[in-house]
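[1] 3D, please:
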Amino acid sequence: MSLLAGIIVVASGIFFIWLAVAVFAAPAFVMRFLMSFASSARTHYTEQVARLLFSASLVVLSPAMWQADVFRVIGWGIFVSSLGLILIPWQWHHRLGERMRPMLVRHIRLYALGSFVFGTLLLYGVFAPR
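    Numbering: from 1, shown residues only. Okay, here's the model as predicted:
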């Protein structure tokens, strides 16, 4: 179980770093990808399942990570928010996304920086000496 959680957390860290790099290399592709979130019931539930899988993996792996308490809290925060989003109608999530998109587009480079930092911290958390 811990090995699978580690693989998921490392893959997620790489994904967050890749997303940050892609914002500068292929911004149109990234914007299409991000704009598809919550655009249908299928994408909404797919996103939430991916978030649940990542957050559960983070909670499971956190005791073996650098700054275990921080990563455990982040994992539980993502888990609880994902459960909340699963329990509401997907259209509510879609409407929230519609309101947030202009801000995302306006600050996409800041979002990319956050994605890069988070991905880097995930990888450091997994591979840092304990």
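[2] which of the residues in the helix or strand containing Phe118 are buried?
    Applying DSSP states H and E as the criterion places Phe118 in helix 108-127. Buried residues in helix 108-127, counted by 16 or more other CB atoms under 10 Å: Ile108, Tyr111, Ala112, Ser115, Phe116, Phe118, Gly119, Leu121, Leu122, Leu123, Gly125, Val126. Quick note: C-beta positions are derived from backbone N, CA and C, even for glycine.
[3] how about these in JSON lines, adding pLDDT and distance to Gly84?
    Shown next, in JSON lines, are the buried residues of helix 108-127 (pLDDT from 0 to 100; distance: CB to CB, whole Å):
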{"residue": "Ile108", "pLDDT": "96", "distance to Gly84": "25"}
{"residue": "Tyr111", "pLDDT": "96", "distance to Gly84": "22"}
{"residue": "Ala112", "pLDDT": "97", "distance to Gly84": "26"}
{"residue": "Ser115", "pLDDT": "98", "distance to Gly84": "22"}
{"residue": "Phe116", "pLDDT": "98", "distance to Gly84": "27"}
{"residue": "Phe118", "pLDDT": "98", "distance to Gly84": "21"}
{"residue": "Gly119", "pLDDT": "98", "distance to Gly84": "24"}
{"residue": "Leu121", "pLDDT": "98", "distance to Gly84": "24"}
{"residue": "Leu122", "pLDDT": "98", "distance to Gly84": "23"}
{"residue": "Leu123", "pLDDT": "98", "distance to Gly84": "28"}
{"residue": "Gly125", "pLDDT": "98", "distance to Gly84": "25"}
{"residue": "Val126", "pLDDT": "97", "distance to Gly84": "27"}
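[4] which of those lies closest to Ser81?
    Ser81 lies nearest to Phe118 out of the buried residues of helix 108-127, by CB to CB, at 15.1 Å.
[5] who's in contact with the residue lying closest to that closest one once chain neighbours are set aside?
    Excluding its sequence neighbours, the residue lying closest to Phe118 (CB to CB, 6 or more residues apart in numbering) is Phe16, at 5.2 Å. Phe16 makes contact with Ser115, Phe116, Phe118, Gly119, Leu122, according to CB atoms under 8 Å, 6 or more residues apart in numbering.
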